[in-house]
Structures are given as structure tokens and as C-alpha cells.
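Q: Just need the structure, nothing else, for what follows:
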Amino acid sequence: MSILNNVTKFAGRAGLVISKYSPTILTTVGVVGFIGTAVLASQATLKVGDILDEGKDIENKIKGVHEGKLKIKPGETYSEEDYKKDLILNRVQTALKIGKLYAPAILVGIASTACVLGAHHILSKRNAALVATASMLTESISKYRERVAKELGEEVEDALYHGVELKTEKKKVNKKTVEETTVAPENGVDTSNMPSIYARIFDEYNPNWSKSPEENRYFLQCAQSMFNDQLKAKGHVFLNDIYETLGFDKTPAGQVVGWVYNSDNGDNFIDFGIFDTASNPVRTRFINSEQPSVLLDFNVDGVMYDLI
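A: Modelled structure (predicted):
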């Protein structure tokens, strides 16, 4: 019984591994199959000449009988209708022989195409599931943030979400009682207006950050300009591409969301939110070179595959 259980577990595990790598396996088999198709077709082509020559010889004999150059058995007749039927039959048999010769290459080619299409179908289903999962997670995170903000306050929630270190303020109520309150520190980055889930704080924890506000602003503006040029040239930009360039960690969501140029649902430009002082007045200090850190909130169009 123990051996049977082990075999069952192994088979189940093997099936799971095969299922996981099935797109790669199918694609590899398909590519190898296409190579095999080319080899088989080449081998078949080398033999086609013999079949055509054989068919030509038979056709010449049929014409010889029809023209009286070749004799038939005494008492037999060979009409015009017999001549036409024999010509058609010979050509059909020749075509069937050629088809039989190429049959292995055709079957391998069909099987290879099926493997590649199967891999594409599996990947399409998985991508659809990932997009749906990303949408569900986005909604869940938003609802969770709302609950946390309601319980602890928006400033504390935003600080927790963006990794800003909290501090505790002590307030003496009376001689015996001291009231402690957790608050977000005055670090020059205002996160009180509920930025999107794609927002990131560009501060000293970023490898590209500098103590010089002017250098940080120049770096961010150059990156924004570069990606806008890329958007117009390529027609699309993924959020993870920007994260990587700016020095932020890539995210699963960043792999599927971004910008599409000439999309009806987008802005047709990329904005890091550097100059958006309306939703975040503190950015004015960054623009005026009074502080080196800034909250970046990207105007992501949405899930890329839904925009094309």
C-alpha cells in the first residue's frame, strides 16, 4: 500500500510538473517537429522525380496505343473514351503516389502546428487568469486600505502602505495619564490624498536618489521624457520598465499594466506626477528644490492587453 501511495504521489507530482511546463514542452516539440517536417519534405522531394518519370512512361505507352504505335491484343479495341480514362487514371495514381510520399511530412507539420497552437492557448488562458487575479488583488488592496484608513486614519495608513517609518507622539492628559498617538512623520512626502497602488516614494532608499533636489528632479524629468519618446516610438510601455529604470522593485502588476499610445482609454502620455501639486501640495517644495524626496504617482492607463 505504501509503494502504491508513493507511485500515486509521484505520478501526481509528475503530472503537475508537466502541466506547469506544458507550454515550453509543446513549443519545443513544435519547433523540433517543424525541423523534422523540412527534413521529411526534402527526402520526399528527392524521390518525386522517379514517380514523375514512371507516370510519364505510362502516359507515353497510353499515347502509343492510342496512336497505333503500340499493338494491343487481337480482338481488343481501344476507343477515344478509353484513352481519356487511362490518362486521367494515370495522373490520379501519380498524384496519389506523390501525396503518399509527402504524407509523413504533412502529418508531422500538422502535429507541430497543433503543438504550437496548444502552447499559445495555454498561455492565453494563464495570462487571462493572471490579469483577472491582478484586478481582484487591486480591488482587495483598495478595500483593505479603506478599512485600515478608517481604523487608524488616512495619514497613518498611507505611511504604512508606502513604508514610511511611523513615530509615536506622547501627550500628557493629566498628572497620571499620558496619551500615545501613532502618526506619520513630517518627512516632506505627503501621502494623505490616497495615491494609487502604483505610487512610489523616491527617497534615500532608492539607489538613484541624491541629496541634491536639483539632481533628483533632473533625473526624474529625463526618465519621464525618455519613456514618453519610447511610448510614441514603440506604441506601448510597461510600468515595470519604468520601475526598473527609476530603481524600484518590479511587481506582478507592473508586468501587465502600463500605457498604450493612441488608446481611447489613455492619456497618450506618461506622467510621473512630479508637477501634480493640486493633489499633493508638498510636491511644490520638491519642485522648488527645498526637499530631495517626492511621491511619484504614475498615470497608468490600465491593463495593457485590455487596451489593444
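Q: Which positions in stretch 140-150 come out as buried?
A: Neighbour counts over stretch 140-150 (16 or more other CB atoms under 10 Å) mark 145, 148-149 as buried. Just so you know, the C-beta spots here come from the backbone N, C-alpha and C atoms, and that holds for glycine as well.
Q: now swap in stretch 214-222 and tell me
A: 216-217, 219-220.
Q: Spatially, which two of those residues are the most separated?
A: Greatest spatial distance among the buried residues of stretch 214-222 (CB to CB): Arg217 and Phe219, at 7.3 Å.
Q: Pretty sure Ile72 sits in a strand.
A: No - under DSSP: H, G, I helix; E, B strand; the rest coil, Ile72 falls outside any strand and is assigned coil.
Q: So what does it have for phi and psi?
A: Dihedral angles of Ile72 (phi, psi; degrees, to the nearest 10) stand at phi -110, psi 170.
Q: My guess is it contacts Val65. True?
A: Yes - using CB atoms under 8 Å, Ile72 is in contact with Val65, at 6.0 Å.
Q: of those two, who's got more company?
A: The neighbour comparison of Ile72 against Val65 (other CB atoms under 10 Å) goes to Val65, with 17 against 10.
Q: contacting residues around that one?
A: Residues in contact with Val65 (CB atoms under 8 Å, 6 or more residues apart in numbering) are 72, 78, 83.
Q: And the helices in the stretch 1-150 of the chain, which stretches?
A: 2-20, 22-66, 80-152 (DSSP state H, counting those that start in this stretch).
Q: quick one, phi psi at the spatially closest residue to Ile141 that is not a sequence neighbour?
A: The shortest distance from Ile141 to any non-neighbouring residue, by CB to CB, 6 or more residues apart in numbering, is to Ile197 (5.8 Å). Main-chain dihedrals, Ile197, degrees, to the nearest 10: phi -70, psi -10.
Q: Would you check that Ile197 makes contact with Ser142?
A: Yes - Ile197 lies in contact with Ser142 (CB under 8 Å); the separation is 7.2 Å.
Q: rewinding a little: which residues are in contact with each of Ile72 and Val65?
A: Applying CB under 8 Å, 6+ apart, one finds that Ile72 and Val65 are jointly contacted by Tyr78.
Q: and the gap between Asp203 and Trp209?
A: Between Asp203 and Trp209 the computed distance is 6 Å (CB to CB, to the nearest Å).
Q: one step back: which of the helices of the stretch 1-150 of the chain comes out lowest on mean pLDDT?
A: In terms of average pLDDT, helix 2-20 trails the rest of the helices of the stretch 1-150 of the chain, at a mean of 72.
Q: you'd agree Trp259 is in a strand?
A: Yes - under three-state DSSP, Trp259 falls within a strand.
Q: show me what contacts it?
A: Residues near Trp259 by CB under 8 Å, 6+ apart: 231, 236-237, 266-267, 269-270, 300-301.
Q: what about 10 Å?
A: For Trp259, the contacting residues are 227-228, 230-231, 235-239, 241-242, 266-271, 298-302, 304, 307, by CB atoms under 10 Å, 6 or more residues apart in numbering.
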